[in-house]
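Enquirer: Next comes the sequence, and after it the predicted model I'd like to discuss.
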Amino acid sequence: MGMLEGKVALVTGAGGGIGREIALAMALAGARVIVNDVGASLSGLGETSATPGEQTCRIIEQRGGEAVLSTETVAEWAAAQRIVATALDAFGRIDVVVNNAGILRDQIFHKMSPEEWLSVINVHLNGSFFVARAAAEHFRRQESGAYVHMTSTSGLIGNTGQANYAAAKLGIAALSKSIALDMGRFGVRSNCIAPFAWSRMTSAIPAGTDEQKARVAKLQAMGPEKNAPLAVFLASEAARDITGQIFASRHNELFVFNHPRPVRGVHRAEGWTPETIAEHALPALRGHLAPLDRSPDVFSWDPV
């Protein structure tokens, strides 16, 4: 018996890459799967197609599993409700939500347009809320459910040219923690994965210099399927006491992230002025200030 036997899992952005691999792995683990994908381009622009999602469903069915396609967008509240309704209509319940759908509109901050900002926020952050919220009442009534959200080191650590994506992904981590706090009383869990993989989402990484080419070559060795086992585990009863956490999966490595906490404090009985902050507080705090890291500065490109 698989770890998800008898469960119904909804995976957004499951037409390719990490989402497809998670959907396939969950089906192999015994889940009946709602494959949600609008079939849009990486930027979310242009025509949509049901083909990517249909291909995922076909693979699941060829392997003996059950899958139903949804081509609704996650970026609209009414559409998110219809996505969840697809699970209920097809299988009578919903047990797992994987918020994976996303687009990229990378741009250096001083050139980023409001449309580039909003389009990414709408799919990643608003979409994660809409789908999670649409499933929440069903999870509450059945007193069980698991959310697995895709965050990113671009938000958790930082990256250049991705203010929209980074803000959305860090927001998803906060959303997941809030869901864990609010819905734990109903037996509902919520966790995040920061995945590493070569996929459509990472294929836009520049590779002009020798250093960039070497980095991309190492990333290409990290298949999207490497992230699926962690997602299956977090969705299963084996992780019933794990909630509010942020994990990362990179090739054959697993990581757990800490959460921001105060690392140093200073007190002045008479209070602070800008001048005394500069004279007394800053010297005491400076050694604890966080460096201006990017994700590649923290995670080497030499996975084990």
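Expert: Alright, I've got the coordinates.
Enquirer: Where does the prediction get shaky in this structure?
Expert: For the chain, the stretches flagged by pLDDT under 70 are 41-48, 198-207, 211-212, 214-216, 218-219, 300-304.
Enquirer: run the last query once more with 90
Expert: Where the chain drops to pLDDT under 90, the residues are 1, 39-50, 197-223, 251, 293-304.
Enquirer: So which residues of it form helices?
Expert: Remark: helices assigned in the chain by DSSP state H are 17-28, 51-62, 77-91, 114-121, 127-142, 153-156, 163-183, 210-220, 228-235, 274-276, 282-285, 295-298.
Enquirer: These: which one's closest to Gly244?
Expert: helix 163-183 (3.5 Å; C-beta to C-beta). Where C-beta positions appear, they are placed from N, C-alpha and C, glycine not excepted.
Enquirer: Now do that closest one against helix 127-142, angle only.
Expert: 10 degrees (axes from the mean of the first three to the mean of the last three C-alpha atoms, to 10 degrees).
Enquirer: Could you say which of the helices of the chain is packed most deeply?
Expert: Among those, helix 17-28 has the highest mean neighbour count (mean count of other C-beta atoms under 10 Å), at a mean of 27.
Enquirer: Quick check: chain neighbours aside, which residue is closest to the residue sitting nearest the centre point of the chain?
Expert: Most central in the chain under C-alpha atoms, centre = their mean is Met150, positioned 0.9 Å from the mean C-alpha point. Of all residues beyond its chain neighbours, the one nearest Met150 is Asn100 (4.8 Å), with distances taken as C-beta to C-beta, 6 or more residues apart in numbering.
Enquirer: which ones are touching the one you found?
Expert: When the contact criterion is C-beta atoms under 8 Å, 6 or more residues apart in numbering, the partners of Asn100 are 11-14, 18-19, 22, 150.
Enquirer: So which of the helices of the chain is nearest Leu254?
Expert: Of these, nearest to Leu254 by C-beta to C-beta is helix 228-235, at 6.5 Å.
Enquirer: Which residues does the closest one contact?
Expert: Here helix 228-235 has contacts from 3-4, 7, 9, 18, 21-22, 24-26, 29, 31, 95-96, 98, 146, 148, 189, 191, 193, 239, 242, 247, 249, 254, using C-beta under 8 Å, 6+ apart.
Enquirer: Run the chain-centre distance for it.
Expert: Its chain's average C-alpha position is 13 Å from that of helix 228-235, according to C-alpha atoms, centre = their mean, to the nearest Å.
Enquirer: ok and it relative to helix 17-28, angle-wise?
Expert: 60 degrees.
Enquirer: quick thing: my sequence starts at 55, can you match it?
Expert: Right, with 55 as the first residue, what we last looked at is helix 282-289.
Enquirer: hey, C-alpha coordinates of helix 282-289 in CSV?
Expert: Presented in CSV, the C-alpha positions along helix 282-289 are these (Å, rounded to 0.1, in the frame of the first residue of the first chain):
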residue,chain,number,x,y,z
ALA,A,282,8.8,14.7,-5.5
PRO,A,283,9.6,12.3,-2.6
LEU,A,284,9.7,15.1,-0.1
ALA,A,285,6.3,16.4,-1.3
VAL,A,286,4.8,12.9,-1.0
PHE,A,287,6.2,12.5,2.5
LEU,A,288,4.8,15.9,3.7
ALA,A,289,1.4,15.0,2.3
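Enquirer: about what we covered before: got TSV for the helices of the chain, with distance to Arg322 too?
Expert: TSV is the format used below for those (distance: least, C-beta to C-beta, whole Å):
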stretch	distance to Arg322
helix 71-82	49
helix 105-116	59
helix 131-145	48
helix 168-175	39
helix 181-196	41
helix 207-210	33
helix 217-237	31
helix 264-274	46
helix 282-289	45
helix 328-330	7
helix 336-339	10
helix 349-352	34
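Enquirer: Ile162: which of the ones you listed is closest?
Expert: Going by C-beta to C-beta, the one of the helices of the chain nearest Ile162 is helix 217-237, 8.5 Å.
Enquirer: Which neighbouring elements make contact with that closest one?
Expert: Of the remaining helices and strands, those touching helix 217-237 by 3 or more C-beta pairs under 8 Å, 6 or more residues apart in numbering; DSSP states H and E are helix 168-175, helix 181-196, strand 199-204, helix 207-210, strand 242-249.
Enquirer: for the ones you listed, which one sits closest to Gly341?
Expert: Nearest of the helices and strands packed on helix 217-237 to Gly341, taken as C-beta to C-beta: helix 207-210 at 22.6 Å.
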